[in-house]
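Only the shape, not the letters, is given here:
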């Protein structure tokens, strides 16, 4: 068994918190790329298609919508190389049943899309977010509004930026000036990396090690 996969099995068998990653990308392909990059680090993901754009053309989609699947206690997931996919358009990130249903995975990936106006927390999970920013004023304003919402929620949230390097730098500067310094400690950019998705996966794997250690000792 490859070393990264063995590491993933050990992680799932140990006491740990489920990690939720909200992906605010321009295209659904970016969420899939991140899922593959995380899998190369040994993580098995459940990718939730909350916008109905990742698995919209899948021939094996369920006749039951996601609400009916939750009521029946059985998700109709799609097997993927990185784990599983779940077609659940319209599902909110604070769906109470989501945490229990996703416990068999290392990571819960939500394809939230760049136009999401609100971010909803899910209690009891480690929080992370990835935001794609381009050079347009609208993209930067939209990104700042989302980060301002997260900052006001409180608690530790890891936020990775990618896209246009200049736009990411300006967004980081604005957050550093106007938002909570504690929140800004978890804000970083991979815009200058050759493979931004691989860089995100490496960063998230490193953060997960620290979060798991704190969780085991009862610290938050």
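Good, I have the coordinates. This structure is a prediction, so every number in the text was calculated from the model and none was measured.

Lowest-scoring secondary structure element of this protein by mean pLDDT?
Within the chain, no helix or strand scores below helix 3-13, which has a mean of 46 by mean pLDDT, DSSP states H and E.

And the helix or strand following that one, what does it pack against?
Downstream of helix 3-13, the next assigned helix or strand under DSSP states H and E is strand 19-24. Applying 3 or more Cβ pairs under 8 Å, 6 or more residues apart in numbering; DSSP states H and E, one finds that strand 19-24 contacts helix 28-40, strand 107-111, strand 126-133, helix 196-216. Where C-beta positions appear, they are placed from N, C-alpha and C, glycine not excepted.

Mind doing that once more with 6 Å?
strand 107-111, strand 126-133 (3 or more Cβ pairs under 6 Å, 6 or more residues apart in numbering; DSSP states H and E).

could you dump those to CSV with distance to residue 186, mean pLDDT and mean neighbour count?
What follows is these, written out as CSV (distance: least, Cβ to Cβ, whole Å; pLDDT from 0 to 100; neighbours: other Cβ atoms under 10 Å):
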stretch, distance to residue 186, mean pLDDT, mean neighbour count
strand 107-111, 17, 94, 27
strand 126-133, 9, 93, 24
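
any low-confidence regions in this structure?
1-16, 59-61, 114-118, 209-220 (pLDDT under 70).

what's the distance between residue 68 and residue 160?
34 Å (Cβ to Cβ, to the nearest Å).

which one of these two has more residues nearby?
Applying other Cβ atoms under 10 Å to residue 68 and residue 160 shows that residue 160 carries more neighbours, namely 26 against 12.

hang on, the more buried one is in a helix, isn't it?
No. Counting by DSSP: H, G, I helix; E, B strand; the rest coil, residue 160 is not found in a helix; it is strand.
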